[in-house]
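>>> next comes the sequence, and after it the predicted model I'd like to discuss.
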Amino acid sequence: MNKQYVGLLGATSLVGECLLRKLIENNWHIAAFSRRPITNVMQHSQITWQQFDTIGSVKDCIEENEIHAWLCVAPIWVLAEHFDLLSAYNARRIVVLSSTSRFTKDTSSDPNERKIAQQLIEGEERLQTWAAAHGVQWIILRPTLIYGYGRDKNIAEIARFIRRLGFFPLLGPARGLRQPVHGEDIAAACYAALSVSNLSGRAYNLSGGETLTYRAMVERVFQAMNRPVRTFTVPLWLFQIATWGLKWLPHYRNWTAAMAERMNQDLKFDCSEAKQDLHFRPRPFNLTINDLPSQS
């Protein structure tokens with residue numbers, strides 16, 4: 001039986017590690033790429049690790065000089081830096097992770113968030129242009145709020161704040177709708193998109209299996225931590241002062257008043273096409289202690 005090879009960009013990310021397990025289970029051999037140092041990473045006979053700074057030797061480390069199937073779960077705006085690498089391996093199909101933030105942050109009051117939205121939009125456009133020029137099949141997946149194993153920047157950050165201060169501030173009723181989606185479900189969708197060969201040139205939104213308010217989402221974090229729910233409402237002006245002050249602390253330097261403003265905005269997306277074409281079946285938001293950051 002011929003070996004199946006796949007290239008994975010962003011292999012040390014939350015979704016990347018979920019994908020490694022999925023690919024190994026299905027007997028794929030993986031050329032795993034990362035910008036981060038490849039220490040303390042998953043080791044397996046089917047994985048060949050490569051850090052981008054040392055690229056140049058990897059083609060000598062695998063048995064095949066061509067890898068036709070690729071997955072990119074690194075930020076989509078860095079993908080263009082690796083188009084030459086993909087061409088060198090004769091990539092024929094690629095599944096790329098983007099984000100629904102391209103729709104929700106493009107009118108943010110925070111310039112850095114608008115920049116992220118623009119990077120997502122331009123990253124998708126560059127992929128489509130490059131793929132058309134090189135005859136590569138592409139699929140873009142746009143998840144909503146990703147969480148899992150305490151490694152995300154959403155639920156995990158809420159949990160860390162609660163752990164340090166014992167409460168969580170909310171803006172107004174905090175009734176904006178959310179659909180948290182687990183990293184394992186995103187990985188399953190990526191794998192399905194890679195495997196369904198009759199689909200190409202499509203983009204799918206990926207949302208979680210449950211829709212709940214921002215307030216309810218925060219309450220679930222308290223419950224998963226086995227702590228009493230302690231939230232209180234603060235006005236926007238106080239959020240603005242607090243986030244300005246928090247910028248001096250490394251853990252909170254990315255917090256913005258725009259994040260508070262969105263607590264009352266619906267960030268809800270239809271994933272029915274992904275359910276139909278990719279058999280996407282996301283789990284409800286049943287948060288467990290395993291999805292929270294460790295105490296260390």
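Here it is on my side, so go on. Residues are numbered from 1 along each chain as shown.
>>> ok, then the element right after the helix-or-strand element of the chain with minimal mean pLDDT?
Ranked by mean pLDDT, DSSP states H and E, the helix or strand of the chain with the weakest confidence is helix 236-246, at a mean of 74. Counting by DSSP states H and E, the element after helix 236-246 in chain order, helix or strand, is helix 257-261.
>>> all helices of the chain, in order?
14-25, 83-88, 101-104, 111-134, 155-165, 183-195, 214-224, 236-246, 257-261, 272-278 (DSSP state H).
>>> could the ones you listed go into a markdown table alongside distance to G201?
In this view, the C-beta of every residue, glycine as well, is placed from N, C-alpha and C. As requested, the helices of the chain are arranged in a markdown table below (distance: least, CB to CB, whole Å):
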| stretch | distance to G201 |
| --- | --- |
| helix 14-25 | 22 |
| helix 83-88 | 17 |
| helix 101-104 | 17 |
| helix 111-134 | 8 |
| helix 155-165 | 33 |
| helix 183-195 | 12 |
| helix 214-224 | 34 |
| helix 236-246 | 40 |
| helix 257-261 | 33 |
| helix 272-278 | 12 |
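>>> closest one to L287 among these?
Checking the helices of the chain against L287 by CB to CB gives helix 214-224 as the closest, at 4.2 Å.
>>> who does W49 bridge with?
Bridge pairing for W49 (DSSP bridges) gives the partners A32.
>>> that one: what's it in contact with?
A11, A32, S34, I38, V41 (CB atoms under 8 Å, 6 or more residues apart in numbering).
>>> tell me how many other residues surround K268.
14 (other CB atoms under 10 Å).
>>> ok, now which ones touch it?
Counting by CB under 8 Å, 6+ apart, K268 touches L177, R178, Q179, S207, T211.
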